[in-house]
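>>> Turn this into a structure:
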Amino acid sequence: MKNLVLLLLLVTVSTLSFGKIYDIRDYGAIGDSLTINTKAIQKAIDECSAEGGGIVLIQGGNYVTGTIFMKSGVTLRIEKMAVLSGSKDIKDYAENVMKNMYRDESYMDRCLVFAHNQKFIGIEGGGIIDGNGEAFPNKIPGIKYRPMLIRFANCENIRMHDIMLQNPSGWTSAWLYCRDIVIEGISVWARVRGNGDGLDFDGCKNVRVSNCSFDTSDDSICLQTSSKDHSCQDITITNCQFSSRWAGVRIGLLSRANFENVIISSCIFRNTNDSGLKIQMNEGAEMKNMLFTNLLMINVPRPIFMTHTSLRAYVDGEEEYPEMKTMGDMTFSDIHVDNTGLDKNSAIVMTSIPGNYIRNITLSDIIIRTAGGGTVKDANNIFGEFSKEWFELQDKRRWPEYGYLGGTVPAYGIHLRHLENVIINNVNITTINKDVRPVIMAIDVKNLTINGRKIMEERIENINN
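Predicted structure coming up:
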């Protein structure tokens with residue numbers, strides 16, 4: 001009798017903790033990977049929210065849907081072995097789901113899962129959300145539709161855990177102006193199309209991402225600000241693994257409001273074509289107070305790539321160049337880099353433009369192993385600059401990417417330009433092949449200190465003792 005009472009008590013507590021369950025099959029959903037279930041799933045979500053919240057359950061099949069609108073109080077639970085699949089017909093995707101905030105990328109305006117002005121929403125369960133991205137080619141004559149997987153805007157108290165997000169035709173997710181986000185234990189596979197970003201937080205506050213894995217065709221995690229009214233702040237990313245065709249973590253590019261209070265720790269970056277940490281301030285705001293620590297990078301040609309310049313990335317932005325404010329107050333420590341499997345284009349690169357300095361940068365306790373192989377010609381290469389004149393020549397349509405700087409970096413370890421107050425301490429950089437380039441190239445760097453010694457030269461040949 002006592003055991004029965006205890007069992008009933010546990011069932012009651014469970015019900016109170018998780019809310020009523022709304023099984024989409026009870027609303028007519030069919031998990032045969034063919035039937036379009038948008039109406040059935042939406043009805044379950046609407047009823048769940050209207051009755052005070054609970055769980056909308058997806059289990060026992062592959063359920064195809066067009067755009068569904070998440071509502072307050074609803075947790076979408078996709079059980080193990082179950083799949084929520086995006087329709088392969090663009091007509092099944094709603095148009096009233098806001099839009100992508102980058103210029104020239106309206107083909108990603110639509111999305112599969114959308115929420116606006118909602119609270120206490122979640123996605124969980126161990127199952128899969130699949131965008132069927134192979135159904136939306138990169139280019140169709142006259143048509144470019146590639147819906148995102150998820151877009152949440154002006155929402156708060158969002159929880160996502162133990163879910164697989166895969167095959168988006170564009171970004172995996174966009175989080176615009178949201179607050180209090182916890183993402184834990186998810187996997188993202190986004191290689192079926194280009195622009196396969198993983199998690200893009202735009203003007204979000206109080207974000208915690210942990211224990212996640214990413215394999216993406218574009219930035220795995222991106223912090224950005226498309227609205228001057230919404231800063232990106234109080235962000236922690238920890239215990240994650242990144243593999244990307246582009247950057248592991250990008251901060252900036254779309255940068256109309258401030259970025260501050262960011263910590264990235266205890267992460268592994270592997271086989272990333274462009275950069276591990278890509279930090280870019282472009283659109284007239286400030287970027288400060290960031291800590292990057294306890295990181296392992298393997299085959300990541302630019303462990304850190306930082307640029308400060310002036311351009312317009314925002315979709316509705318005017319053509320005039322925004323003013324440049326401050327970028328800096330960042331510490332990079334306890335980082336181990338093994339790039340011995342790459343070519344000579346491997347280095348930390350930080351560059352601004354004349355008269356606008358990146359300030360207060362600390363690099364400490366860093367080990368970098370590279371292939372080397374740099375020649376005299378490489379050592380004398382003059383990198384380009386992301387000046388206003390450069391953007392004018394490019395018709396203002398280019399982003400400040402490493403490939404546009406021109407040729408091989410003229411240092412095999414660290415290239416610094418237009419910085420102020422830089423501390424380098426206990427940084428060991430070695431090559432496995434002979435390299436005639438200096439370990440550090442410092443151009444227009446004010447107050448450079450290496451291992452406690454003030455440095456005046458532009459070329460630093462040895463920092464390992």
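
>>> what kind of secondary structure is residue 45 in?
helix (DSSP: H, G, I helix; E, B strand; the rest coil).

>>> Residue 114 versus that one, what's the distance?
Distance, residue 45 to residue 114, using C-beta to C-beta, to the nearest Å: 11 Å. Placement of C-beta: from N, CA and C, glycine included.

>>> list residues touching both of these two?
Both residue 45 and residue 114 are contacted by 68-70, under the criterion C-beta atoms under 8 Å, 6 or more residues apart in numbering.

>>> Apart from its chain neighbours, what residue comes closest to residue 88?
If the residues on either side of it in the chain are set aside, residue 88 comes closest to residue 135, at 3.7 Å by C-beta to C-beta, 6 or more residues apart in numbering.

>>> what's the distance between the one you found and residue 145?
Going from residue 135 to residue 145 by C-beta to C-beta gives 10 Å.

>>> try residue 362
Residue 362 is 45 Å from residue 145, where distance means C-beta to C-beta.

>>> Wait, residue 232 touches residue 254, no?
No: in terms of C-beta atoms under 8 Å, residue 232 does not count as a neighbour of residue 254; the distance is 9.9 Å.

>>> per-residue pLDDT, residue 439?
If you check residue 439, the pLDDT there is 97.

>>> Oh, that last question was meant for residue 9, not what I typed.
You'll see residue 9 listed with a pLDDT of 35.

>>> contacting residues around residue 58?
Contacts for residue 58 were tallied using C-beta under 8 Å, 6+ apart; they are 24, 29, 31, 41, 76-79, 82, 84, 125, 127.

>>> re earlier: what about the residue nearest to residue 88, how many residues nearby?
By the other C-beta atoms under 10 Å criterion, the neighbourhood of residue 135 contains 17 residues.

>>> Leaving out the residues flanking it, which one is nearest to residue 252?
Sequence neighbours aside, residue 280 is the residue nearest to residue 252 in space, at 3.9 Å (criterion: C-beta to C-beta, 6+ apart).

>>> What separation is there between the one you found and residue 444?
According to C-beta to C-beta, residue 280 and residue 444 sit 19 Å apart.

>>> When those two are compared, which one has more neighbours?
Between residue 280 and residue 444, counting by other C-beta under 10 Å, residue 280 is the more crowded of the two (27 against 16).

>>> what sits against that one?
Contacts for residue 280 (C-beta under 8 Å, 6+ apart) come out as 250-253, 255, 306-309, 400.

>>> so where does it fall, helix or strand?
When secondary structure is defined by DSSP states H and E, residue 280 falls within strand 275-281.

>>> likewise residue 152?
In this structure, residue 152 sits in strand 148-153 according to DSSP H and E.

>>> elements contacting that strand?
For strand 148-153, the contact count by 3 or more C-beta pairs under 8 Å, 6 or more residues apart in numbering; DSSP states H and E identifies strand 111-116, strand 173-176 as packing neighbours.

>>> for the record, mean pLDDT for it?
97.

>>> where does the stretch 351-465 of the chain have low pLDDT?
For the stretch 351-465 of the chain, the stretches flagged by pLDDT under 70 are 390-397, 464-465.

>>> Tell me where it has strands.
Along the stretch 351-465 of the chain, the segments classed as strands by DSSP state E, counting those that start in this stretch run 358-370, 414-431, 440-450, 453-455, 459-460.

>>> In terms of secondary structure, what does the first one contact?
If I follow you right, that is strand 358-370. Judged by 3+ C-beta pairs under 8 Å, 6+ apart, strand 358-370 is in contact with strand 302-308, strand 327-339, strand 348-351, strand 414-431.

>>> between those strands, which one is nearest to residue 185?
Nearest to residue 185, of all those, is strand 327-339, at 24.4 Å by C-beta to C-beta.

>>> Pairing partners for that closest one, with directions?
In the sheet, strand 327-339 lines up against strand 287-298 (parallel), strand 358-370 (parallel) (DSSP bridges).
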